[in-house]
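> just coords:
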């Protein structure tokens, strides 16, 4: 007779690898993330409330980092909580095309093959980017799934989807026809590496060790000179003046005189302007209008000429044999050598200063005059300020409101055109018969003047002298100017943030707009408040008539343990997926939120994730203890479904006498009372976006009150009433913990002996 094998006991340690992917796949298979399928049933005639969150669309070039993980965990807590509260909870995900970043990656890959984008041409290059996107672009969304993000992936959008792109181009035409978009030659920050202009908000400043050069400018008709201090001696070749502060007594007698510009031998004036900092260097500075923003503003006030001596490739131009064709650094060496040879350098000092860098490739930016497209911001900024101050959109924490208003109140027009190929190509058409459409720096020779509008809503015209263009969604059938050419489309694309500003509504169906616009909460990082949050607000007001979200929740910044920013290059980065692999998604989520205690910076400590893993084991073993006592067939635990119980079902209403028991032990009363207060406290903290305190409260109650006290006491109360209280308390606790640790709590829920059981993700809170 064959002997039966002894039953293998289940491990006391919770194994997330055997649970998390299986549970997540079941949620996906059953469609619980789709808001229309997952909303708990409501009584007849009751209108379901909507609760929407927009996922800040990560770049297609990105991988999950700790900032993403924090953002996604906070959003998922809110979505899961509101889903259980009976809301139609929609978390709308998607990805951004990341114009400059994506183009850089594909170009880098092409260089390995010895090919440039210019070898391929625009059309073939765009095909290459799409190939790359289709292969790698959804990686970060898959990584968010591993974290347990319950977003409605069926509604995932991409900022280059046809429907989305159409709305982006319509927005451009709308703003242009309204007179808010114009074209002109203005000072921009230019990235030589990326070959494009950037907006003010795309600049990062890094402190670098440099030199401060003190250069003698000889006075005309006088034996003396005036000494100016500069960090960029090569730009003196484009100087138009020397400026001093009118209050500076040292130079009072020199204002109005002229100096002879070294090397160039051009006479330029000494002017007075209050923008000059008397404490910098000697108090006298060189003014190079075409290559410095402040100098450009000074030049406008004093009607100075602008000499463009640096082109878009970062090489010198129009400076004769001295430096023509040289790179900027090479020209600097030549200029210094020549100045020293003429005894025109008084001294050179070490000097630390902030240098403008490209936010994408970290190259030093060049201030250049460039023909670009700009959006007028004064009226849009005023509408945004009014909306936020009226409380129609609240920025939380409130301390982020002040710098937001300062930015809006001092805002400059937004440079929205980029000289790259990957992105939304401007719906602008040029007369091919006009002179050279494009210069070396990407500037187009055609200038924009007053707009003359055509009588059609999708087409506008701009003209100056013989140079002409049309703004139109469709390619014009014939050129209205020369009457003969086939019009050429502008090669410029829109700033990625222009399309991202439409994220709350672009690409959504009319039905979804009715349900999910405006959204309830936007969860985002502080470094894109101006780049993205402000722009979404004025876009929503402009196109939808109302602000796109009620709350802009600015989450903490996750720093390395020593307080430095997280960075792979610095060796301070932490990969959340490695934590998920090592400890599990729930433990990782626990560790992230455990440290989010209200401050705006989190100094990352992996010990919090280890604590999350231990807590998961504690929950697992406590639930095994409780379910192990449910041996009596008369035990009919609460179902969590209103009106679904039978006469022998346990009641969830404590006010009517728990389980019909007229007398309870002191331990029973204490655990039930504490459970009630804890649930109320957690709910209150979630509503106030205090996620760390909410988790701490639930943790303390589960570990200490429930496990350390009541579970131990229950060992001496061997009756069905105690079993029922144990089961009820555990049931309520896993509901409380579900938004924070969803996979584990769902697995436990499926093991509980509940009648009419469904899935915890859609249980009633």
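Noted; the coordinates are in hand. Everything numeric in this text was worked out from a predicted model, so none of it was measured. Numbers count the residues shown, from 1 in each chain.
> how many neighbours does residue 567 have?
11 (other Cβ atoms under 10 Å). C-betas here are computed from N, CA, C, even on glycine.
> show the backbone phi and psi for residue 280.
Main-chain dihedrals, residue 280, degrees, to the nearest 10: phi -80, psi 120.
> who's in contact with it?
Counting by Cβ atoms under 8 Å, 6 or more residues apart in numbering, residue 280 touches residue 229.
> same question for residue 24.
Contacts of residue 24 by Cβ under 8 Å, 6+ apart are 145, 148, 743.
> you'd agree it is in a strand?
No: Residue 24 is assigned helix when assessed by DSSP: H, G, I helix; E, B strand; the rest coil, not a strand.
> relative to residue 275, how far out is it?
58 Å (Cβ to Cβ, to the nearest Å).
> in three-state terms, label the residue nearest the centre of the chain for me.
Central residue check for the chain by Cα atoms, centre = their mean: the C-alpha nearest the mean position is that of residue 528, 5.1 Å away. On the three-state scheme (three-state DSSP), residue 528 is labelled helix.
> neighbours around the closest residue to it other than its chain neighbours, how many?
Nearest residue to residue 528 in three dimensions, chain neighbours excluded: residue 56, at 7.6 Å (Cβ to Cβ, 6 or more residues apart in numbering). Other residues near residue 56 number 22, with proximity taken as other Cβ under 10 Å.
> make 45 the starting number, not 1.
Okay, residue one is now 45; in that scheme the one you just asked about reads as residue 100.
> quick one, what contacts residue 100?
115, 566-569, 572, 576.
> now residue 194
71, 76-77, 120, 123-124, 127, 135, 786, 805.
> burial of residue 80, as a residue count?
Look at residue 80: counted by other Cβ under 10 Å, it has 11 neighbours.
> per-residue confidence for it?
pLDDT recorded at residue 80 is 81.
> neighbour-wise, which one of the contacts of residue 68 leads?
residue 192 (24 neighbours).
> three-state assignment of it?
coil.
> how near is it to residue 733?
19 Å.
> ends of stretch 234-251, what's the gap?
19 Å (Cα to Cα, to the nearest Å).
> coming back round to it: tell me the one among the contacts of residue 100 nearest to residue 711.
residue 567 (40.3 Å; Cβ to Cβ).
> who does the closest one bridge with?
On the basis of DSSP bridges, residue 567 is bridged to residue 597.
> list the contacts for it?
97, 100, 115, 118-119, 122, 597, 599.
> mind checking how far it is from residue 620?
On the measure of Cβ to Cβ, residue 567 and residue 620 end up 16 Å apart.
> could you dump the contacts of residue 68 into TSV and include distance to residue 671 and pLDDT?
Converted to TSV, these look like this (distance: Cβ to Cβ, whole Å; pLDDT from 0 to 100):
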residue	distance to residue 671	pLDDT
189	29	97
192	24	97
787	18	98
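> residues contacting the closest residue to residue 299 other than its chain neighbours?
Of all residues not flanking residue 299 in the chain, residue 316 sits nearest, at 4.8 Å (Cβ to Cβ, 6+ apart). Contacts for residue 316 (Cβ under 8 Å, 6+ apart) come out as 287-290, 299.
> again with residue 230
413-414, 416, 418, 459.
> over to residue 804?
Contacts of residue 804 by Cβ under 8 Å, 6+ apart are 778-779, 782, 786, 789-790, 793-794.
> repeat that for residue 631.
60, 623, 653-654, 656-657, 659-660, 785.
> most neighbours among the contacts of residue 100, which one is it?
Neighbour max across the contacts of residue 100 (other Cβ under 10 Å) = residue 566, 27 neighbours.
> that one is in contact with residue 591, isn't it?
No: if you go by Cβ atoms under 8 Å, residue 566 and residue 591 don't touch, sitting 10.3 Å apart.
> hang on, the earlier thing: what is the nearest of the contacts of residue 804 to residue 197?
For those, the nearest to residue 197 is residue 786 (15.8 Å; Cβ to Cβ).
> excluding chain neighbours, what is closest to the closest one?
Using Cβ to Cβ, 6+ apart, the nearest residue to residue 786 is residue 192, at 5.2 Å.
> that neighbour and residue 60, how far apart?
Residue 192 is 11 Å from residue 60, by Cβ to Cβ.
> residues shared between the contacts of these two?
629-630, 787.
> let me have those residues in TSV, extended by secondary structure and distance to residue 440.
Shown next, in TSV, are the shared contacts of residue 192 and residue 60 (DSSP: H, G, I helix; E, B strand; the rest coil; distance: Cβ to Cβ, whole Å):
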residue	secondary structure	distance to residue 440
629	helix	27
630	helix	26
787	helix	29
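> ok, these vs residue 718, which is closest?
residue 630 (23.9 Å).
> can you count the residues close to the closest one?
Using other Cβ under 10 Å, residue 630 has 29 other residues around it.
> do I have it right that it meets residue 792?
No: judged on Cβ under 8 Å, residue 630 makes no contact with residue 792 at a distance of 11.3 Å.
> which phi and psi does the residue nearest to residue 536 when sequence neighbours are not counted have?
Leaving aside its sequence neighbours, residue 536 sits nearest to residue 461 (Cβ to Cβ, 6+ apart; 4.3 Å). Backbone torsions of residue 461, given as degrees, to the nearest 10, read phi -100, psi 140.
> tell me the domain ranges of this protein?
As assigned by automatic domain parsing, the chain contains the domains 92-201+434-465+536-599, 244-402, 645-806.
> from residue 531, how far out is residue 522?
With Cβ to Cβ as the criterion, residue 522 and residue 531 are 8 Å apart.
> which of those two has more neighbours?
residue 531 (23 against 11).
> just the pLDDT for the spatially closest residue to the more buried one that is not a sequence neighbour.
Spatially, and ignoring its direct neighbours in sequence, residue 531 is nearest to residue 473 (4.1 Å; Cβ to Cβ, 6+ apart). As predicted, residue 473 sits at a pLDDT of 94.
> can you check residue 612 too?
Here, the pLDDT recorded for residue 612 equals 68.
> buried stuff in stretch 783-803?
Using 16 or more other Cβ atoms under 10 Å as the test for burial, stretch 783-803 gives 783-793, 796, 798-799.
> ugh, wrong one, stretch 641-648
Quick answer for stretch 641-648 (16+ other Cβ under 10 Å): 646, 648.
> give me the distance from that stretch to the chain's centre.
18 Å (Cα atoms, centre = their mean, to the nearest Å).
> pLDDT averaged over that stretch - what is it?
Stretch 641-648 shows a mean pLDDT of 84.
> not counting it itself, show me its contacts.
110, 114, 441, 570, 598, 600-607, 610, 618, 639-640, 734, 736-737, 740.
> the same query, at a cut-off of 6 Å, please.
Contact with stretch 641-648 is made by 600-603, 605, 607, 618, 639, 736, as judged by Cβ atoms under 6 Å, 6 or more residues apart in numbering.
> one step back: turn the buried residues of stretch 783-803 into CSV, including distance to residue 140 and secondary structure.
Output for those, formatted as CSV (distance: Cβ to Cβ, whole Å; DSSP: H, G, I helix; E, B strand; the rest coil):
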residue, distance to residue 140, secondary structure
783, 27, coil
784, 28, coil
785, 30, coil
786, 26, helix
787, 28, helix
788, 32, helix
789, 32, helix
790, 31, helix
791, 34, helix
792, 37, helix
793, 36, helix
796, 42, coil
798, 43, coil
799, 47, coil
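> so where's the stretch 395-544 of the chain shaky on pLDDT?
479-511 (pLDDT under 70).
> determine which two of the contacts of residue 804 are furthest apart.
Pairwise over these, using Cβ to Cβ, the maximum falls at 779 and 794, 13.6 Å.
> which residues in the stretch 295-444 of the chain form helices?
337-346, 372-385, 422-433 (DSSP state H, counting those that start in this stretch).
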